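Q: please find the sequence and the predicted model below.
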Amino acid sequence: MNKIFYIGITCFIIYCTELKAQWSVLNTDKIPKQTAFKYQPFTKEEWDSSNFASPEQMKWFTSARYGMFIHFGLSAYVDKDISWEICETRKAPDMGHGAYPDSVWKKWPSKFKLENFNADEWVQIAKYAGMKYVVVIAKHHDGFHMWNTKFSDFKITNTPFGRDYLKEIADACHKINMPFGIYYSQRDWYHPDYAPVDTSKAVNTQNGLVWKSLKGGNAVPGATHKQYLEYQRNVVRELCTKYGKIDLFWFDAAWWGGMFTADMWDAENLTRMMRKLQPNIIINNRTSIPGDFDTPEQEVGRYQSRPWESALTLNGNWAYSPLPNLSKKQLLRDLFSSAQGNGNVLLSWGAHWDGKFDPVQKTLLLDMGSWLKKIGSAFYETKGGPWMPGKWGGATYKGNKVYLYVYDWKDGKINLPAIAGNSILSAKYLNIEGKASYESKKGKWQFSAPIKPDSIATIIELVMKKPISGVLSAANHSVFDGVEYGAAIRDFDINSTDWKMDMYTIDLKEKYKVTGIGIYESKDQVIVKTSSDGKSWTEAGKINPEDTEISLTTYMTGAEVLGRSIQYIQLSITGDPTAVKIKVYSK
């Protein structure tokens, strides 16, 4: 018999890539070894002593499933990624440099006119695109204020535009009862007092991401950082008092394995002040305290009961870029897969420098909205489950209805474990013609493919005899079962005689965005290196008999994102060469 169990707030069965703590967990939670840095662990005492929105206050968010993330600011002058690609100076703990000298990009506000900006149009597009809330950048890492703050002259009201951009969007949202959220970055590469790390009293560790005090423990702040915290408290209070009801607040200095810590922001006191000013506000987890929801980035999470929201982009860029947009198929599948994992998507776009919404992106979003309008009952106000997502697709449920999203009809059939004590009363397609067929076979429900499956997803509505009350156990899954890893593009059997000097090199013949590598049946450790040209190699990780799979990521715009562009894979075995099986995944 299949056993239904309830997944509590701390029971995670997510298998994702190493992304430096975009998920907040209790230190007693079981997480995959290879993804340890993806999670920020808290003791039960730390968790219980923090501040949270109530389950009732979270209901609108978990019902919404889909929001608009507006990335717009000074970087639009050159159609580049917001802050990261423009700011020459990045202050510790951030490393590296942007492409434009400070003397150049800091003059761009004098050119900011936004002749074609229309807040009402933007919010209406969000509505007709099927988005249920809007989050707008108020200040990104470049320190430029997109509102009329009293605490800085580096602001949009000191530009030729001259108006309060943030207020106009807030008003447009409130006008049609669209939940309104504010993004505010604690990082600030412009503010003279910003100094969360005194580099003269700290050492850089963990590939340059994390600073530790020379005397041990967390990095010591600079002498001026106390003044920065006073400024930050003032502007956050201003944001929470000048713009009407704030439904959501999005901070952006995640823990990243210790790169940013809660003491850098006085996070508990700051967020408690916000809840007093905005009693129904929900706050994300990027102040290094647990927060109300988790924030994976540029990938779809798999499943958890605690609310989460994946921040995705239309074309890989945070802000407008002429790069080609993702297909409607991929974007919709990302939305559906997130709902199947019990999470949301916050989809980012950015306007042109003059404030115009790009017509191609507008058309894409509205096309997605037309799709969602037809099948909204299967998407909004649902929970993920009762079956875990996989490459075949996934499911959502609401009361006694279950919605199957089938992406891949392998062999023309889908077999799912039957739910003990429940039965299917009826089945029908929501988005294609024809009669849905199924049959019960030895504890499984088998669904047959329609004559013409939908190329994006075939959606089947099941009416159950009883309401769904939990999700089916899904232990011992491969890390690569999630849709975020794509599919296996290569499958190798290496014999013991194929190793040369304890090494073996794979040539994929062309570059792929490889998301993961699995090496199975090896009795010894295998060191994995990757290369795009066969000359310069980067270690990807070590595979052991107990840990047979590794994810490949790339560091970009402040986060490790899934996938690495490579053509060659080099394996080094530490023991005697042996026969192994290899799978290479790409999306």
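A: Received it, and whenever you're ready, just let me know what you need.
Q: use CA for all of it now, contacts and neighbours both
A: Noted.
Q: from residue 561, how far off is residue 290?
A: 21 Å (C-alpha to C-alpha, to the nearest Å).
Q: more neighbours: these two, which one.
A: A count of neighbours by other C-alpha atoms under 10 Å puts residue 290 above the other of residue 290 and residue 561, at 25 against 21.
Q: can you confirm that one is in a helix?
A: No. Using DSSP: H, G, I helix; E, B strand; the rest coil, the secondary structure at residue 290 is coil, not a helix.
Q: for residue 258, pull up the helix or strand it's in.
A: Using DSSP states H and E, residue 258 sits in no helix or strand.
Q: was I right about it contacting residue 213?
A: No. Applying C-alpha atoms under 8 Å, one finds residue 258 not in contact with residue 213, separated by 11.8 Å.
Q: those two: who's more crowded?
A: residue 258 (21 against 18).
Q: so what's that one closest to, chain neighbours aside?
A: Of all residues not flanking residue 258 in the chain, residue 210 sits nearest, at 5.8 Å (C-alpha to C-alpha, 6 or more residues apart in numbering).
Q: one more: residue 562?
A: Of all residues not flanking residue 562 in the chain, residue 553 sits nearest, at 4.4 Å (C-alpha to C-alpha, 6+ apart).
Q: do I have it right that the one you found meets residue 566?
A: No. Under the criterion of C-alpha under 8 Å, residue 553 is not in contact with residue 566, lying 11.2 Å apart.
Q: where exactly do the helices run in the stretch 201-350 of the chain?
A: 225-239, 267-277, 328-340 (DSSP state H, counting those that start in this stretch).
Q: and the stretch 451-587 of the chain, by the same measure?
A: Going by DSSP H, counting those that start in this stretch, the stretch 451-587 of the chain shows no helices.
Q: quick check: buried residues in stretch 447-463?
A: 447-450, 453, 456-463 (16 or more other C-alpha atoms under 10 Å).
Q: next structured bit after the lengthiest helix in the chain?
A: Ranked by residue count, the top helix of the chain under DSSP state H comes out as helix 359-375. Next helix or strand after helix 359-375 toward the C-terminus (DSSP H and E): strand 383-384.
Q: who are the packing partners of that following strand?
A: Other elements packing on strand 383-384 under the criterion 3 or more C-alpha pairs under 8 Å, 6 or more residues apart in numbering; DSSP states H and E are helix 328-340, strand 393-398.
Q: same list (those) but as CSV, adding distance to residue 121.
A: Formatted as CSV, the helices and strands packed on strand 383-384 follow (distance: least, C-alpha to C-alpha, whole Å):
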stretch, distance to residue 121
helix 328-340, 22
strand 393-398, 32
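Q: redo those as a markdown table? Include distance to residue 238, mean neighbour count and mean pLDDT.
A: Formatted as a markdown table, the helices and strands packed on strand 383-384 follow (distance: least, C-alpha to C-alpha, whole Å; neighbours: other C-alpha atoms under 10 Å; pLDDT from 0 to 100):
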| stretch | distance to residue 238 | mean neighbour count | mean pLDDT |
| --- | --- | --- | --- |
| helix 328-340 | 33 | 23 | 96 |
| strand 393-398 | 39 | 26 | 96 |
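Q: among the ones you listed, which is nearest residue 198?
A: helix 328-340 (39.6 Å; C-alpha to C-alpha).
Q: alpha carbons of the longest strand seen in the chain, as PDB, please.
A: Longest strand in the chain by number of residues, with DSSP state E as the criterion: strand 503-520. This file holds the C-alpha atoms of strand 503-520, laid out as PDB (Å, rounded to 0.1, in the frame of the first residue of the first chain):
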ATOM      1  CA  MET A 503      42.400   9.400 -16.300                       C
ATOM      2  CA  TYR A 504      39.600   9.500 -18.800                       C
ATOM      3  CA  THR A 505      38.500  12.400 -20.900                       C
ATOM      4  CA  ILE A 506      35.100  12.900 -22.500                       C
ATOM      5  CA  ASP A 507      34.600  15.100 -25.500                       C
ATOM      6  CA  LEU A 508      31.000  16.200 -25.900                       C
ATOM      7  CA  LYS A 509      31.900  17.300 -29.500                       C
ATOM      8  CA  GLU A 510      30.300  20.700 -28.900                       C
ATOM      9  CA  LYS A 511      29.600  23.100 -26.000                       C
ATOM     10  CA  TYR A 512      26.600  22.300 -23.800                       C
ATOM     11  CA  LYS A 513      25.200  24.000 -20.700                       C
ATOM     12  CA  VAL A 514      25.900  21.000 -18.500                       C
ATOM     13  CA  THR A 515      23.800  21.000 -15.300                       C
ATOM     14  CA  GLY A 516      25.100  17.800 -13.700                       C
ATOM     15  CA  ILE A 517      27.300  14.700 -13.900                       C
ATOM     16  CA  GLY A 518      26.600  11.300 -12.400                       C
ATOM     17  CA  ILE A 519      29.200   8.600 -12.000                       C
ATOM     18  CA  TYR A 520      27.900   5.200 -10.800                       C
END
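Q: I appreciate the help and will end here.
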